[in-house]
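K.L.:
sequence unknown, structure follows:
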């Protein structure tokens, strides 16, 4: 089991910055990757924002490239999403997730409760 707690959301004007944090606890040694999805108002599907593997490899969704940076602090079991040059269309609930694999190969995905990001134009 993995528990994820997000923080850092809030309201900001367009062009501003926010940094989201996601702290993991529990069976963290089996986490293979962590990342962020977001769900914009009125949209049913979540959009992939960024991810980072246990080895440090990163990838970004098209909307995040060049503006967002994902990083991790292994000592604190925390992943960060630095968001710069925010736009109104970045307004969404941002969800942290963790991909987890057991020693026997069982896979699971855990989610945080979500944190609201609101960007005003």
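P.N.:
Okay, I see it. In this text, all values refer to a predicted model and were calculated from it rather than measured experimentally.

K.L.:
next one, pLDDT for residue 6 please.
P.N.:
Reported pLDDT at residue 6 in the predicted model: 96.

K.L.:
which residues touch the helix or strand that contains it?
P.N.:
Taking DSSP states H and E as the definition, residue 6 sits inside strand 2-7. By Cβ atoms under 8 Å, 6 or more residues apart in numbering, the residues outside strand 2-7 that reach it are 20-28, 30-31, 94-98, 100, 110-115. For every residue, glycine as well, the C-beta is placed using N, CA and C.

K.L.:
PyMOL command for the buried members of the residues you listed?
P.N.:
Filtering the contacts of strand 2-7 down to the buried ones (16 or more other Cβ atoms under 10 Å) takes a single PyMOL command:
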select buried, resi 20+21+22+23+24+28+30+31+94+95+96+97+98+100+110+112+114+115
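
K.L.:
name every strand pairing with the strand holding residue 6 and say which way it goes.
P.N.:
strand 18-26 (antiparallel) (DSSP bridges).

K.L.:
in the sheet, who's paired with the closest residue to residue 46 other than its chain neighbours?
P.N.:
Spatial nearest neighbour of residue 46, excluding adjacent residues (Cβ to Cβ, 6 or more residues apart in numbering): residue 37 at 4.2 Å. Beta-bridge pairing for residue 37 (DSSP bridges): residue 48, residue 95.

K.L.:
number of nearby residues for residue 37?
P.N.:
20 (other Cβ atoms under 10 Å).

K.L.:
so how far is residue 74 from it?
P.N.:
To residue 74, residue 37 is 22 Å away according to Cβ to Cβ, to the nearest Å.
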